[in-house]
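**Q** quick one, structure for this:
(one chain, ligands or ions: 1)
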Amino acid sequence: MNVHTDQTRGALLLSRLENRSATIGVVGLGYVGLPLVAATAHAGFRVIGFDVDRSKVEKLKTGRSYIDAVSDEALQAIVSAGSFMPTSDFARFAECDVISICVPTPLTKQREPDLSFVENTTRAIAAYLRRDQLIVLESTTYPGTTDEVMKPILEAGGLRSGRDFFLGYSPEREDPGSAGFDTATIPKVVAGDGAVAARLVARFYGSIVDKVVPVSSIKVAEVVKLTENIFRAVNIALVNELKVIYAAMGIDIWEVIEAAKTKPFGYMPFYPGPGLGGHCIPIDPFYLTWKSREFEVSTKFIELAGEINVSMPHYVMSKLSEALDTQLGLPLSQASILIVGVAYKKNVSDVRESPALKLIELLETRAADIAYHDPHVARIPKTRKHPTLAGKDCIKLSRDSIGAYDAIVIVTDHDDIDYGLLANHSRLIIDTRNAMQRNGIVCDRVVKA
Ligand SMILES: NC(=O)c1ccc[n+]([C@@H]2O[C@H](COP(=O)([O-])OP(=O)(O)OC[C@H]3O[C@@H](n4cnc5c(N)ncnc54)[C@H](O)[C@@H]3O)[C@@H](O)[C@H]2O)c1
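**A** From the prediction side, this is the model:
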């Protein structure tokens, strides 16, 4: 017989969270999971980190981090103190009071949500689910995932959400490469399936981050994350479209934005570029467009933004081709090109969905000779979308190596690139980030794209 009332339900877990005796499981030790582990251990909890990738687990056990946001020193401190135990042994789910899921949510080849990672993880947790556990999804996904996909899997063994175990959702917000924020200082949106779960999720994250933002339902929390990323995708598309329009009119978009952003209200600057990258902005909006079909509502704005952003590498290639022709009298098919920056954004090493990879692939089909330099990416790793580029090595920047190329294309404006060296020894620079001007370099061989 279940003797819990709404008051006593979850009380044991609540007190374990309050006195830090709860054991926390984090599933998926990647860009989101590993910083969460560090913040959770820092808050005084014992953390078990789960990953199917045994090579990652072995690295972590020896205190070697592969994520920029978590230093080797910080990792070694929590591993040697015994507050972080990385493992691939899913039987240890049974030891956890809270399990936070941070596994990938990519798109399939047909650009539909691929929930296989979430489903596999949920099934693995279900095998060890016990009373009073709190399971929280952090992966970005469409509204309904936690309730319609995860909950039935977890409840299949007979335990009930809100009565026997607790279920929640709390999206991750990250600004990779930015020194201004970390997991603990970014407010965290939280929601639970029922009042007790909501209280537990808020309490758990409240002990790790400075501020939690409770919302009324899991579906609201799921779409908060999508809303934030769709907002970015749409605004970046808008400014990319304006870039193309203004370029045709001989107007520099960068100068326009600098002036527009002096308006103290009603305007927020977004910057154009070579296209979208990373695990989030190019992917997340399509989780919503997919789910919207079920409700027969159209998502024209989101789809249009996607089309514009996806077209940007093609636009950059056309500007490059035109500049090679007009300035050097050289067809693209005979040109050698150096791509500067292959990470999807400045000061990070992540190349997932990077527009640089798309651009390299486009240029290679034109038979141009292509190399790249990126101080954060020594070798292009295997990616789902661009497997043929895996293993390509970074070349060093030097007077001679720069001079050996007909054109340089700045795709990612990392801080630690010697832009002066590029300006002094190149024949032509295509700059997709306004990096030269922002670094105070005046050079008449720069074409913005
Ligand atoms: N990277 C970001 O900046 C960011 C920001 C906000 C939200 N997100 C979201 O967070 C989620 C995770 O993204 P990420 O960038 O950390 O991904 P990631 O690829 O860096 O890490 C995911 C990890 O999960 C592991 N994994 C996969 N399947 C597993 C399983 N069944 N069991 C255990 N481990 C498994 C992988 O080996 C990998 O180490 C995604 O939904 C993403 O959209 C990412």
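**Q** what does the stretch 251-400 of the chain put close to the ligand?
**A** 279-280 (CB under 6 Å from any ligand atom). Placement of C-beta: from N, CA and C, glycine included.
**Q** for the ligand, what is the nearest residue in the stretch 251-400 of the chain?
**A** His279 (4.3 Å; CB to the nearest ligand atom).
**Q** number of nearby residues for that residue?
**A** 20 (other CB atoms under 10 Å).
**Q** quick one: it from Gly28, how far?
**A** 12 Å (CB to CB, to the nearest Å).
**Q** and Ser217, by the same measure?
**A** Plainly put, Ser217 is 24 Å away from Gly28 if you go by CB to CB.
**Q** higher neighbour count, the two?
**A** Neighbours were tallied for Ser217 and for Gly28 using other CB under 10 Å; the higher tally belongs to Gly28 (25 against 17).
**Q** and that one, what is it in contact with?
**A** With contacts defined as CB atoms under 8 Å, 6 or more residues apart in numbering, the neighbours of Gly28 are 50-51, 101-104, 117, 121, 139.
**Q** these also near the ligand: which ones?
**A** Among the contacts of Gly28, the ligand is touched by 50-51, 102-104, 117, 121, 139 when using CB under 6 Å from any ligand atom.
**Q** pick the one among the residues you listed closest to the ligand.
**A** For the ones next to the ligand among the contacts of Gly28, the nearest to the ligand is Ser139 (3.2 Å; CB to the nearest ligand atom).
**Q** list the buried ones in the helix or strand harbouring His314?
**A** Assigned by DSSP states H and E, His314 belongs to helix 300-323. Residues of helix 300-323 classed as buried by neighbour count (16 or more other CB atoms under 10 Å): 302, 305-306, 308-309, 311-313, 315-317, 319-321, 323.
**Q** can you give me the mean pLDDT across that helix?
**A** Averaged across helix 300-323, pLDDT comes to 97.
**Q** skipping adjacent residues, who's closest to Leu34 in space?
**A** Ile67 (4.6 Å; CB to CB, 6 or more residues apart in numbering).
**Q** spell out which residues of the stretch 51-200 of the chain are next to the ligand.
**A** 51-53, 56, 102-105, 117, 120-121, 139-140, 172, 174, 176.
**Q** switch to 8 Å and redo it
**A** Within the stretch 51-200 of the chain, the positions near the ligand by CB under 8 Å from any ligand atom are 51-53, 56, 67, 88, 90, 102-105, 117, 120-121, 124, 138-141, 171-176.
**Q** which of these fall in helices?
**A** Using DSSP state H, the members of those that fall in helices are 56, 117, 120-121, 124.
**Q** now those residues in TSV, with neighbour count?
**A** Conversion of those to TSV gives the following (neighbours: other CB atoms under 10 Å):
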residue	neighbour count
Lys56	21
Phe117	18
Asn120	13
Thr121	25
Ala124	17
